[in-house]
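>>> let me see the structure of the following:
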Amino acid sequence: MISDLSFVIVVFNQLDQTKRCIESIRENIRVPFELILVDNGSTDDTEKYFRAYSEEIVYVRNRTNPGLAIALNQGIRKSKSDYICAVHNDVIICDRTWLQKVSNLFEAEASTGLIGFYGAKRLRKSLSWMGRTIVGGERGRNNMKHEYERVAIVDGLCLLFKKSFVQAVGGFDEQFFMHGYDLDLSFKAIRGGYKNFVVKVSYLHQSGKGRSSEQYRRIVPDDLRLRQDVNAKIREKWSSLLPVDVRAISERLSDWILKKWMRKETGLITLKRDGIKLNVKNDYKDDLLRLGITDISGLAKRYKLQVVDDVHDPAIVSTTLTHNNFRETIIIKQWERQGRLRILKDIFRSCKAVKEWKISNELLRRGIQSPVPLAVGERRKFRLLSDSFLINRKIPNAVNISHYISSLTPPLSEMKRREKWKFIRSLAGTIKDVHNKGLFHGDLNTSNIMVQMREGKEPVFYFVDFGGSGLRKRLYLNQRIKDLARLNESMPSFISRTDKVRFFLVYSEKLRLSRKERKKIIVRIEARTRAKSLGKRTKKVKE
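Numbers count the residues shown, from 1 in each chain. Sure thing, here's the model as predicted:
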């Protein structure tokens, strides 16, 4: 049994989060412990607050921010215990037996290097984590089958280790300022013949969506470039160990069968409710939503959901959830299975909600504006799809293009004319960028593009509803014409032909088209639009 423990917490502002973290440690530990706080140049009241507790807390103050790895090494050198827990200040421990579980693991596995609360059994050469191989015990998202599981990589949100281990491997590599220090230490453990584990401990991550949160983006505006630089260093340093996979052969085989043969979405958590299998994938950090997504009707009743403004579809609802002083407005969209001919598709393919989930995440990765997906789920009975749903973060102050353009009702003033042209130019540039990044929408009408107007700035466009969409490395001209014809068809009548020609001139600016080719494409777009409209009118007459 661990008889004493040193906690090392690195902080930069966020005093309230740090207080909650320390409070959770005190509530859930029954042995003597040492608390070492390394302050990386906080500008709020952190120093003033913790200086007053100098007898209870070892407080180390850095005038500037030297980075996480340097600060952690400072804390380790100050520690007096044989066991160390390096924990982020936004982690709340919720399990009174957590230290007993860690002690049992150290006793059972003599070659233990790192123990954490979250990690991955497999890491690709690109350093991407594999969905089903990620394990953790976060409250509401626990997917662990055993008290502890061996992993390749341990996430830095909480790292437990013996002081002798970290001294043997040389401590944290101080070239890593913010990211990568945990990956590097995990690889050092593997190279030294140690094993890394994740223990089944219930915890909360206060920062919510982590790097996707507004607060995080303000602190680290260039996070993507930082991560790319760190990944390049890791790949260069540990190329001999990559890729790494610590799964047993039986586990690898079962995962391969599920992925290749059964086409099961391995990133989804499988639950059961009333005998119906429910697959849920959730990136949302709020307990209220996690409790509700297993039953959409129950969620709607409990939170009195309201129909989304400007949407005439009873299957799309919106609500605002508040929990732990965290407020989020969400959109819930639900689909039901239609027609018997879809049975085979339901068995072997992902449902619409899962498809939209995947496309939305990929769009955000490619730098295309889209609502942030929070959760997706599908109900199945005997492999047949019953219904599915998708939960997105609501875009603040956004309406679809149809409603925005209708607000510019004719006759237009000179100011409105300038505003309309500025809008058309921005829209053309955005759609060109989206096509250049490989998105073929398939239903690119004015109802599926949301616009967020900002005073004195260019409008921001968000793309939604990807039922017929596809992502490619390169879009062919015919696919571009299909999307543009669909958009042309849905544009209000007071968007003149001159406006549309202006739109296409901006769109085709860097496509290296001659004037004759541009004119020919415009004719093709209009011909396709007329053919579609004629087909719709013919269908109505027949009915």
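
>>> measure residue 133 to residue 247 for me?
Plainly put, residue 133 is 7 Å away from residue 247 if you go by CB to CB, to the nearest Å. Every C-beta, even on glycine, is put in place using the N, C-alpha and C of the backbone.

>>> overlap of the contact sets of these two?
Shared contacts of residue 133 and residue 247 (CB atoms under 8 Å, 6 or more residues apart in numbering): 121, 122, 255.

>>> roughly how far apart are the second one and residue 150?
Read that as residue 122. On the measure of CB to CB, residue 122 and residue 150 end up 11 Å apart.

>>> between the two, what contacts are shared?
With CB under 8 Å, 6+ apart, residue 122 and residue 150 have common neighbours residue 246.

>>> those two: which is more packed in?
Taking neighbours as other CB atoms under 10 Å, residue 122 and residue 150 compare with residue 122 leading, 22 against 17.

>>> that one contacts residue 247, correct?
Yes - assessed by CB atoms under 8 Å, residue 122 is found in contact with residue 247 at 6.4 Å.

>>> rewinding a little: quick check, nearest of the shared contacts of residue 133 and residue 247 to residue 372?
When the shared contacts of residue 133 and residue 247 are compared for distance to residue 372 (CB to CB), residue 122 wins out at 26.1 Å.

>>> any idea of the pLDDT on that closest one?
On pLDDT, residue 122 comes in at 90.

>>> numbering from 54 from now on, please.
Sure thing, new numbering starts at 54, so read that last one as residue 175.

>>> beta partners of it?
Residue 175 has these beta-bridge partners by DSSP bridges: residue 298.

>>> ignoring the adjacent residues along the chain, who's closest to residue 412?
Leaving aside its sequence neighbours, residue 412 sits nearest to residue 519 (CB to CB, 6 or more residues apart in numbering; 4.4 Å).

>>> which residues touch the one you found?
408, 409, 412, 413, 494, 495.

>>> over to residue 483?
Residue 483 neighbours (CB under 8 Å, 6+ apart): 422, 514.

>>> before we move on, which element is it in?
helix 467-489 (DSSP states H and E).

>>> can you name the next helix or strand after that helix?
Next in line after helix 467-489, if elements are assigned by DSSP H and E, sits strand 492-493.

>>> which other helices and strands does that next one contact?
Contacts defined by 3 or more CB pairs under 8 Å, 6 or more residues apart in numbering; DSSP states H and E place strand 492-493 against strand 523-524, helix 530-543.

>>> of these, which shows the lowest average pLDDT?
Set side by side, the helices and strands packed on strand 492-493 differ in mean pLDDT, and strand 523-524 is lowest with a mean of 74.

>>> how close does the closest residue to residue 95 other than its chain neighbours sit to residue 96?
Spatial nearest neighbour of residue 95, excluding adjacent residues (CB to CB, 6+ apart): residue 66 at 4.9 Å. When CB to CB is applied, the distance between residue 66 and residue 96 equals 6 Å.

>>> which residue of the two possesses the greater neighbour count?
residue 66 (17 against 8).

>>> now that one: how far from residue 507?
28 Å.

>>> quick one, phi/psi of residue 308?
phi -60, psi -40 (degrees, to the nearest 10).

>>> and it, what's its pLDDT?
72.

>>> any stretches of the stretch 304-453 of the chain with poor pLDDT?
310-381, 389-404, 430-440 (pLDDT under 70).

>>> got the contact list for residue 190?
Contacts of residue 190 by CB under 8 Å, 6+ apart are 148, 170, 171, 197, 251, 252, 253, 254, 255, 256.

>>> neighbours of the fourth one, just the number please.
The number of residues packed near residue 197 is 14, by other CB under 10 Å.

>>> report the contact partners of the residue nearest to it when sequence neighbours are not counted.
The shortest distance from residue 197 to any non-neighbouring residue, by CB to CB, 6+ apart, is to residue 253 (4.5 Å). Contact analysis of residue 253 by CB under 8 Å, 6+ apart lists 154, 190, 195, 197, 199, 200, 201.

>>> and the residues you listed, which of them are in strands?
residue 201 (DSSP state E).

>>> adding pLDDT and distance to residue 287, write the contacts of residue 253 out as a markdown table.
Formatted as a markdown table, these follow (pLDDT from 0 to 100; distance: CB to CB, whole Å):
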| residue | pLDDT | distance to residue 287 |
| --- | --- | --- |
| 154 | 94 | 29 |
| 190 | 86 | 26 |
| 195 | 79 | 28 |
| 197 | 86 | 26 |
| 199 | 88 | 29 |
| 200 | 92 | 30 |
| 201 | 93 | 25 |
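
>>> write a PyMOL command that selects only the buried members of the contacts of residue 253.
To isolate the buried members of those in PyMOL, using 16 or more other CB atoms under 10 Å:
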select buried, resi 154+190+201
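
>>> ok, the contacts of residue 253 vs residue 282, which is closest?
residue 190 (31.0 Å).

>>> relative to residue 162, how far out is the closest one?
18 Å.

>>> so what's residue 99 closest to, chain neighbours aside?
residue 68 (5.0 Å).

>>> let me see the contact set for that neighbour.
95, 97, 98, 99, 102.

>>> look up the residues forming beta bridges with the residue nearest to residue 73 when sequence neighbours are not counted.
Distance criterion CB to CB, 6+ apart; nearest residue to residue 73, sequence neighbours excluded, is residue 145 at 5.9 Å. Judged by DSSP bridges, the bridge partners of residue 145 are residue 257.

>>> what number of residues lie near residue 145?
Residues contacting residue 145 under the criterion other CB under 10 Å number 20.

>>> just the contacts of residue 190: which are in strands?
Those of the contacts of residue 190 lying in strands (DSSP E): 171, 251, 252, 256.

>>> could you check how far the spatially closest residue to the third one that is not a sequence neighbour is from residue 117?
So the one you mean is residue 252. Nearest residue to residue 252 in three dimensions, chain neighbours excluded: residue 201, at 4.6 Å (CB to CB, 6+ apart). Distance of residue 201 to residue 117, computed by CB to CB: 39 Å.
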